[in-house]
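*Asks:* need a structure here:
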Amino acid sequence: MDRKRYRLGVELRRDIFGESYVEKQTKGNDPDLQAWQDYVHEFVWGGIWGRPGLSRKTRSLLNLAMLSVLGAREELKLHLQGALRNGATRQEIVEVLLQTAMYGGAPRGAMAFSVAREVFSEGRARQRVSRKMRAVRKARIG
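*Replies:* Below is the predicted model:
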C-alpha cells in the first residue's frame, strides 16, 4: 500500500463527502470488508481524484454524467452533494444532466433530475435552518 496516496485519498474523500460519511463507511468494518475501503481510499480517491490535470469540480461534473447514465441513484445523490461542495453551480449541474439525458436517454435523465431536485431541495432547507440559527444567535447577542 502506498501510504501517501492512501492518506491523500482519505483527505479528499472527507473534504468532498464530509467526515461523518467517511466514518460511517469505515467504522466497524470487518477485515475482509475493510479491503474495499482501503482500495477506495488509495486508488479511487488518492490515485484518481488526487491526480493533477482536472479540477475537483470537473471530476465531479464528469461523475454526475457517468452515474446518471449508469442509473446509480444513491451514488449520484452523494456526488451531486460533492459537486456542490466542489464549486459546481446548480446551473452547471443542470447543463450536465441535460447533456447526459440527450446521450444517455430520457429515463436516465428523468432519474438524474429527480435526484437533483431532492439534493437541491435539501440544500435549500439547510440554508433556511442556517439563516434561522444566525438570526437566533444575532438576537441573543444583540
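*Asks:* and this protein, what are its domains?
*Replies:* Domain assignment for the chain by automatic domain parsing gives 1-52, 55-142.
*Asks:* which ones are touching Leu64?
*Replies:* 76, 79-80, 83, 93, 96-97, 100, 112 (C-beta atoms under 8 Å, 6 or more residues apart in numbering). Quick note: C-beta positions are derived from backbone N, CA and C, even for glycine.
*Asks:* list the helices and strands the host helix or strand of Gln99 packs on?
*Replies:* Using DSSP states H and E, Gln99 sits in helix 90-104. Using 3 or more C-beta pairs under 8 Å, 6 or more residues apart in numbering; DSSP states H and E, the elements in contact with helix 90-104 are helix 56-70, helix 73-85, helix 106-141.
*Asks:* now render the ones you listed as a markdown table, adding mean pLDDT.
*Replies:* Putting these into a markdown table (pLDDT from 0 to 100) gives the following:
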| stretch | mean pLDDT |
| --- | --- |
| helix 56-70 | 98 |
| helix 73-85 | 97 |
| helix 106-141 | 82 |
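*Asks:* for Gln25, find the nearest of those helices.
*Replies:* Gln25 lies closest to helix 73-85 among these, at 10.4 Å (C-beta to C-beta).
*Asks:* tell me what the closest one is packed against?
*Replies:* Looks like helix 73-85 contacts helix 3-17, helix 56-70, helix 90-104, helix 106-141 (3+ C-beta pairs under 8 Å, 6+ apart).
*Asks:* Lys27 is nearest to which of those helices?
*Replies:* helix 3-17 (13.2 Å).
*Asks:* can you point out the buried residues in the closest one?
*Replies:* Within helix 3-17, the residues scored as buried using 16 or more other C-beta atoms under 10 Å are 6, 8-10, 12-13, 15-17.
*Asks:* so which of these comes closest to Asp38?
*Replies:* Using C-beta to C-beta, Tyr6 comes nearest to Asp38 of the buried residues of helix 3-17, at 7.2 Å.
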